[in-house]
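1. sequence and predicted structure, then a few things I'm wondering about:
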Amino acid sequence: MTPTLDGSSLVLSQIFDTSATRLFDAWTSREEWQAWIGPKGVTCDVPMLNATVGGEYCVIMHTPNGEVRVAGVFREVSPPNRIVFTWGAEGDPTRQSLVTIDLESLGERTRLTLRQDGLGSADVRDEHAKGWTGAFAKLAAHVARGAA
């Protein structure tokens with residue numbers, strides 16, 4: 001994984017041993033997202049995911065310190081190469097960021113690049129970097145199992 005830290009924006013890039021279509025599906029299917037989303041050691045419920053432009057999602061993260069609810073709206077859904085959605089604390093319009101997922105086919109592998117803008121501070125950016133890094137490890141294991 002290659003992290004790039006620039007102010008309050010975060011860029012993570014990782015190559016996965018699967019197709020862009022397979023990764024795209026893992027990001028846009030409610031059942032699949034629920035199987036891997038969230039930092040290491042955190043389980044999540046995804047009661048709602050409508051991966052269409054204007055569609056909404058909700059993620060409930062079960063942490064040792066309680067429940068964290070994240071929600072957002074899909075801004076772009078372009079199979080199998082790009083997904084853009086807002087990400088933030090459910091019900092708090094002051095704590096919203098924008099996540100862009102780009103998928104680049106490399107034959108039988110795919111480079112996934114995540115960019116998250118609008119995190120507000122380097123500390124918040126760094127916390128999100130840890131969370132996404134853990135989620136990417138879970139995503140890699142998920143697609144390796146061939147789960148669908």
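-> Okay, I see it.
2. how close does the residue lying farthest from the centre of the chain sit to D17?
-> Farthest-out residue of the chain from its mean C-alpha position, per Cα atoms, centre = their mean: G107, at 22.6 Å. Relative to D17, G107 is positioned 11 Å away (Cβ to Cβ, to the nearest Å). To be clear about C-beta, it is placed using only N, CA and C from the backbone, and glycine gets the same treatment.
3. quick check: K130 is in a helix.
-> Yes. With the criterion set as DSSP: H, G, I helix; E, B strand; the rest coil, the secondary structure at K130 is a helix.
4. after the longest strand seen in the chain, which helix or strand is next?
-> Scanning the chain for the strand with the most residues, using DSSP state E, yields strand 66-78. Remark: after strand 66-78, the chain's next helix or strand is strand 82-89, criterion DSSP states H and E.
5. what residues does that following strand touch?
-> With contacts defined as Cβ atoms under 8 Å, 6 or more residues apart in numbering, strand 82-89 is touched by 24, 27-28, 51, 57, 68-77, 95-103, 116.
6. recalculate using a threshold of 6 Å.
-> 27, 72-77, 95-102 (Cβ atoms under 6 Å, 6 or more residues apart in numbering).
7. could you export it as PDB, CA atoms only?
-> C-alpha atoms of strand 82-89 as PDB (Å, rounded to 0.1, in the frame of the first residue of the first chain):
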ATOM      1  CA  ARG A  82     -14.900   4.600 -10.500                       C
ATOM      2  CA  ILE A  83     -17.100   5.200  -7.500                       C
ATOM      3  CA  VAL A  84     -17.500   8.500  -5.700                       C
ATOM      4  CA  PHE A  85     -19.400   9.000  -2.500                       C
ATOM      5  CA  THR A  86     -19.600  11.200   0.600                       C
ATOM      6  CA  TRP A  87     -18.400   9.700   3.900                       C
ATOM      7  CA  GLY A  88     -19.100  11.100   7.300                       C
ATOM      8  CA  ALA A  89     -20.800  10.900  10.600                       C
END
